Structure formats: C-alpha cells, structure tokens
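K.L.:
Give me the fold of what follows.
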Amino acid sequence: MRHFLDINKTDPADLRTMIDSAASMKSARAGRPKGAPDDDQPLKDRMVALIFEKPSTRTRVSFDVGVRQMGGQTMVLTGSEMQLGHGETIADTARVLSRYVDLIMLRTFEEDVLLEMAEHATVPVINGLTNRTHPCQIMADIQTYEEHRGPITGKKVTWCGDGNNVFASFAHAAGQFGFDLTFAGPPTLDPEAVFLDEARARGATVTIERDAARAVAGADLVVTDTWVSMHDSQTTRERRHNQLRPYQVDEALMAMARPDALFMHCLPAHRNEEVTDAVMDGPQSVVFDEAENRLHAQKAVLRWCLGV
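P.N.:
Predicted structure coming up:
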C-alpha cells in the first residue's frame, strides 16, 4: 500500500514517475472538452473519499474532477460532517472508512491527524495539505516548471515571504529533485530548521537570505504565497504585512532574476500585497498553468497510490 504523505517520504524514482505521468496525461487531454472522461479509465469502480477539515477551492475541484475523469467516484466530506477526533478516534474513523472507499484524501490542520489516519487506514492516504506541508502543490509546481523550462535539477528556486507549509514542501522537493533553494524572509517567519537540514543532508544547497534582491539574483524560479491566513486576526495581519513588505515580488525584484525566470504563486493571491498585478499578469507568470497542473499532478499521485 502506498501513502502519499510528503515528498521527502516518497522515493525520488517514484516522484519522477508521477511527474512524467502527469505530463503525459495532460498531453493526452489536449483538445478534449473540459470535464470529458479519459479514454483510459484506471479508477473505474473506485470510490475516493475527499475529506476537508480545512476549506479549499483548487484542492477540492482538482481532486474531484481528476477522479471523475479517470472513471472513479468521489465522496466529499467536510470537517463539520466528520468531526475527526471528536467522539470517535481518528484511528477508528480510518478503519471504518477503509471498509467503504478505495482511497482517502485528507486536507486538515494538524499533521498528527494525517499521520494517525495513514497509520490505521487499510487504503492509501494522500496529504491534501496540513499546517506543516503541502506536497500536492509542489508536485504541480515541478510539473509546471519542467513543461516550460525543462528539468529543474540544478536550478535556483527563490522563495519570498513566510516559511510556511508550501515552502516546507519546496524544501523537501529540493532534496529529492536536486535543485537549490533560497529563502528570503524575516527571521521571525523562518521555516522550521528540520526542513532545511534534511534538504541539505540530501545534497541540496539551501540558503537563507534577508535581502530580497540578493536572494532573487540569478534565480530560475521565483515563488511567493499569501502573507496572511483566513484565520488571522487584524492585529496579526498588520504585523505580518509590516514584516513582509520588503519581500513583495514586483517588477523590480523580478528583474534581478534570470531573464527567463518564471514566477509562481499557489493561489489564492492577495494582489498588490505579496505580488503586484504587473508580475501576476506578466510574461514570466505561470500561475494559471500551475493551478491547472494541480489536476494532472494529483491524477498521477492517485494512480501511483492505487498502482493503476
């Protein structure tokens, strides 16, 4: 049984297989009407539970559409319907769900919930996001970079902003795919050291740089994310804005990167906060290809987990 819990927990050869599979499936769908099923139906008669303790647009729609395109069916469950860990243990929920469905995708807050689900489930479990990591997003990002610029191995990726869960999965990917990673952000929002140390142990060059211009110099890919969460108070929002304002990605900052550098953002974006309109809508931005590739990358993850 194959869980997809984090990029660093998955063999690099399997990660490469998934990226190549995603690209192949995207190519095969070129010219098809949106939402049309694939000729190949590897998930025919399969049921996938999509559990959302944390709300979502891209994750929910892309997984739902991807399963349906491959011939499967989905059951979408929210945190209010499930009440994971409240009244019934997560372990028991995992055991019960495994009797009904063929795979579980979980988008939750605490990583421990995901790990306990995977420990006790007898079907594959996919990490749709936790507060610590977001591996499905980074699989789509790798696919997007490579379809525009070729192999990401040996390239320089610069992250501007908060050392959040998306950055953590970028650090995991740096170690597995062999690219260099620079974090540009204030010391109060540094990523967890364990993510940096593990990437370095796998041979990646990982750098922390406080000056945004120096961090972006020579970058092949510049990435950012929202500065605030939907759950943050107004006071927290103001404090984070003050800390992160020097790391806004604007045209002047992008000009420090390589001329053919790409810009990515996992969305949703707060335009003219972490990134300006000119960059988001500019020629170096691939944010909407990136969003589309959530569909294809996750289809590849689903197939890998189920061995189909």
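K.L.:
show me where pLDDT drops low in the stretch 1-150 of the chain?
P.N.:
By pLDDT under 70, the low-scoring segments of the stretch 1-150 of the chain are 85.
K.L.:
Which parts of it are helices?
P.N.:
12-28, 58-69, 79-82, 90-100, 111-120, 135-149 (DSSP state H, counting those that start in this stretch).
K.L.:
Could you dump those helices into TSV with distance to Phe263 and mean neighbour count added?
P.N.:
From N, CA and C alone the C-beta is placed, and that goes for glycine too. Output for those, formatted as TSV (distance: least, CB to CB, whole Å; neighbours: other CB atoms under 10 Å):
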stretch	distance to Phe263	mean neighbour count
helix 12-28	20	17
helix 58-69	18	20
helix 79-82	33	13
helix 90-100	38	16
helix 111-120	29	19
helix 135-149	11	24
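K.L.:
got a markdown table for those helices, with distance to Gly307 too?
P.N.:
As requested, those are exported to a markdown table (distance: least, CB to CB, whole Å):
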| stretch | distance to Gly307 |
| --- | --- |
| helix 12-28 | 11 |
| helix 58-69 | 16 |
| helix 79-82 | 27 |
| helix 90-100 | 16 |
| helix 111-120 | 17 |
| helix 135-149 | 18 |
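K.L.:
between the ones you listed, which one is nearest to Val275?
P.N.:
With CB to CB as the measure, helix 135-149 is the member of these nearest Val275 (15.2 Å).
K.L.:
by contact count, what packs against the closest one?
P.N.:
In terms of contacts (3 or more CB pairs under 8 Å, 6 or more residues apart in numbering; DSSP states H and E), helix 135-149 is packed against helix 12-28, strand 125-129, helix 165-177, strand 262-265, helix 287-306.
K.L.:
Tell me the first helix or strand C-terminal of it.
P.N.:
Later in the chain than helix 135-149, the nearest helix or strand by DSSP states H and E is strand 156-160.
K.L.:
Now do that following strand and helix 135-149, the angle between them.
P.N.:
Strand 156-160 runs at 130 degrees relative to helix 135-149, counting by axes from the mean of the first three to the mean of the last three CA atoms, to 10 degrees.
K.L.:
other SSEs contacting strand 156-160?
P.N.:
Strand 156-160 makes packing contacts with helix 165-177, strand 180-184, helix 212-216, strand 221-224 when contacts are defined by 3+ CB pairs under 8 Å, 6+ apart.
K.L.:
can you pull the contacts of Pro12?
P.N.:
Contact partners of Pro12, counting by CB atoms under 8 Å, 6 or more residues apart in numbering, are 176-177.
K.L.:
if you set the cut-off to 10 Å instead, what comes out?
P.N.:
Counting by CB atoms under 10 Å, 6 or more residues apart in numbering, Pro12 touches 175-178, 202.
K.L.:
was I right about Pro186 contacting Tyr247?
P.N.:
Yes: here Pro186 reaches Tyr247: they are 7.7 Å apart, a contact under CB atoms under 10 Å.
K.L.:
overlap in contacts of the two?
P.N.:
Jointly contacting Pro186 and Tyr247 under the rule CB under 10 Å, 6+ apart are 161-162, 210.
K.L.:
among those residues, which ones are buried?
P.N.:
Among the shared contacts of Pro186 and Tyr247, those classed as buried by neighbour count (16 or more other CB atoms under 10 Å) are 161-162.
K.L.:
do you know how far the closest residue to Leu77 other than its chain neighbours is from Glu209?
P.N.:
Of all residues not flanking Leu77 in the chain, Ile51 sits nearest, at 4.9 Å (CB to CB, 6 or more residues apart in numbering). Using CB to CB, to the nearest Å, Ile51 is found at 38 Å from Glu209.
K.L.:
Kind regards, and thank you for your time.
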